[in-house]
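K.L.:
Generate a structure from the sequence data that follows.
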Amino acid sequence: MFDTSHPMFRPLWFRLGLCAFLIFWTGLEWHFGNQTWMILTGVIALVCIYKLLIEYQPPAPKADDDASSLPDDSQD
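P.N.:
A predicted model of the protein is given here:
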């Protein structure tokens with residue numbers, strides 16, 4: 001659905017803030033009586049909670065390509 005390995009989603013505070021914002025927005029839509037938007041934002045909030053908080057796996061660190069490109073000094 002969306003790429004959870006993006007570096008933007010790595011900090012926990014960002015993932016929690018995004019989920020909290022979506023829950024807040026769902027509450028606003030409920031308060032003002034907009035059922036369609038309430039359901040839409042509620043489903044998006046549930047998907048984000050599942051993907052970003054429950055199922056989230058941090059991306060694996062990338063190998064340093066700089067180290068492999070350095071010349072080998074052991075062949076003197």
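K.L.:
switch to C-alpha atoms for all contacts and neighbour counts from now on
P.N.:
OK.
K.L.:
Okay, and W25 sits in which element?
P.N.:
Assessed by DSSP states H and E, W25 sits inside helix 12-31.
K.L.:
Equivalent analysis for T41, please.
P.N.:
Assigned by DSSP H and E, T41 belongs to helix 35-49.
K.L.:
before we move on, the earlier item: list the buried residues for the helix holding W25?
P.N.:
15, 18-19, 22-23, 25-26, 29-30 (16 or more other Cα atoms under 10 Å).
K.L.:
Which one of these is nearest to I49?
P.N.:
Within the buried residues of helix 12-31, proximity to I49 (Cα to Cα) peaks at C19, which comes in at 6.0 Å.
K.L.:
residue ranges with poor pLDDT in this structure?
P.N.:
Applying pLDDT under 70 to the chain flags residues 1, 63-76.
K.L.:
Against which helices or strands is the helix holding T41 packed?
P.N.:
For helix 35-49, the packing partners by 3 or more Cα pairs under 8 Å, 6 or more residues apart in numbering; DSSP states H and E come out as helix 12-31.
K.L.:
Contacts for the helix it packs on, please.
P.N.:
With contact meaning Cα atoms under 8 Å, 6 or more residues apart in numbering, helix 12-31 is reached by 8-9, 35, 37-39, 41-42, 44-45, 48-49, 52-53.
K.L.:
In ChimeraX, how would I select the buried members of those residues?
P.N.:
Filtering the contacts of helix 12-31 down to the buried ones (16+ other Cα under 10 Å) takes a single ChimeraX command:
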select :9,38,41,42,44,45,48,49,52
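K.L.:
Near the nearest residue to H6 once chain neighbours are set aside, how many other residues are there?
P.N.:
Excluding its sequence neighbours, the residue lying closest to H6 (Cα to Cα, 6 or more residues apart in numbering) is P59, at 7.9 Å. Other residues lying near P59 total 12 when counted by other Cα atoms under 10 Å.
K.L.:
Point to the residue nearest the middle of the protein.
P.N.:
Centrality entry for the chain: nearest residue to the mean C-alpha point is F9, 3.4 Å, by Cα atoms, centre = their mean.
K.L.:
how close does the nearest residue to that one once chain neighbours are set aside sit to A45?
P.N.:
Excluding its sequence neighbours, the residue lying closest to F9 (Cα to Cα, 6+ apart) is R15, at 6.1 Å. Using Cα to Cα, to the nearest Å, one obtains 11 Å as the distance from R15 to A45.
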